[in-house]
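S.K.: fold the following and give me the result.
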Amino acid sequence: MSEEFGAVKVLVLGVGNVMRSDDAVGMLVARELASDSLPAEVVVMEGGTDGLALMEHIQAAEHVVVVDAAEMKAAPGTVSVFSPEQVRDLCGDAAVSAHELRVLSALRLMSQLEGCPPVSIVAVQPANLNYGTQLSPEVKDALPEAVSSVRAEVGRILANSVSA
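M.R.: Sure, this is the predicted structure:
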């Protein structure tokens, strides 16, 4: 990990599998955000599917925003933001995501080790998690809202850290 990463206030972590249709949404949001001019204290990272490999990066951040497809029993393409308090509750729930959100497993472990910063999740309800490289129309249409939701959450976090 680079030394500059150690100063990260917010880590935006897009996760998912680009070979499983809508599961790629977190990675695609991360790619979109990586091309933006974000504040220096924000780092955007594509995390893939190996949550345990991300623990070092998560621990180095003051706050983490995870972006992923998640089964929320909502209409496909629905975007929801879960606060750190809600994420703590989710970390105790084994049935959070249709595709086994491995990042939550890593967060569960880290919270037991007291090494987990506050985590927000921007989740998108998938329509299709079958093998394939194309997003469903509903999730493709939700990409701008997901990107906007991440920007808003990062703005909220940074504003709260200034006022704290």
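S.K.: what is the lengthiest helix in the chain packed up against?
M.R.: In terms of residue count, the longest helix belonging to the chain (DSSP state H) is helix 137-163. Here helix 137-163 touches strand 10-15, helix 25-34, strand 63-69, strand 79-82, strand 119-124, going by 3 or more C-beta pairs under 8 Å, 6 or more residues apart in numbering; DSSP states H and E. Bear in mind the C-beta positions are built from the backbone N, C-alpha and C, glycine included.
S.K.: just give the closest residue to residue 132, not the sequence neighbours.
M.R.: Once flanking residues are discounted, residue 132 sits nearest to residue 21: 4.5 Å by C-beta to C-beta, 6 or more residues apart in numbering.
S.K.: same check on residue 83?
M.R.: Closest residue to residue 83 in three dimensions, ignoring its sequence neighbours and counting by C-beta to C-beta, 6+ apart: residue 120, at 6.1 Å.
S.K.: what's the distance between the one you found and residue 62?
M.R.: Here the criterion is C-beta to C-beta, to the nearest Å. By it, residue 120 lies 12 Å from residue 62.
S.K.: these two - which one has more neighbours?
M.R.: For residue 120 versus residue 62, neighbours defined as other C-beta atoms under 10 Å are more numerous around residue 120 (24 against 14).
S.K.: so the more buried one sits against residue 68, correct?
M.R.: No. Using C-beta atoms under 8 Å, residue 120 is not in contact with residue 68; the gap is 11.6 Å.
S.K.: what residues are up against residue 157?
M.R.: By C-beta atoms under 8 Å, 6 or more residues apart in numbering, residue 157 lies in contact with 9-10, 63, 65, 120.
S.K.: how far away is it from residue 147?
M.R.: Where residue 147 is concerned, residue 157 sits at a distance of 16 Å (C-beta to C-beta).
S.K.: pLDDT weak spots in the protein?
M.R.: Scanning the chain for pLDDT under 70 picks out the ranges 1-7, 88-115, 163-164.
S.K.: show me the contacts for the residue most central in space within it.
M.R.: Closest residue to the average C-alpha location of the chain: residue 66 at 1.5 Å, with C-alpha atoms, centre = their mean. Remark: with contacts taken as C-beta under 8 Å, 6+ apart, residue 66 is in contact with 13, 15, 26, 47, 103, 119-122.
S.K.: how many residues are close by residue 159?
M.R.: With neighbours defined by other C-beta under 10 Å, the count for residue 159 comes to 10.
S.K.: would you mind measuring from it to residue 152?
M.R.: From residue 159 across to residue 152, the span is 10 Å (C-beta to C-beta).
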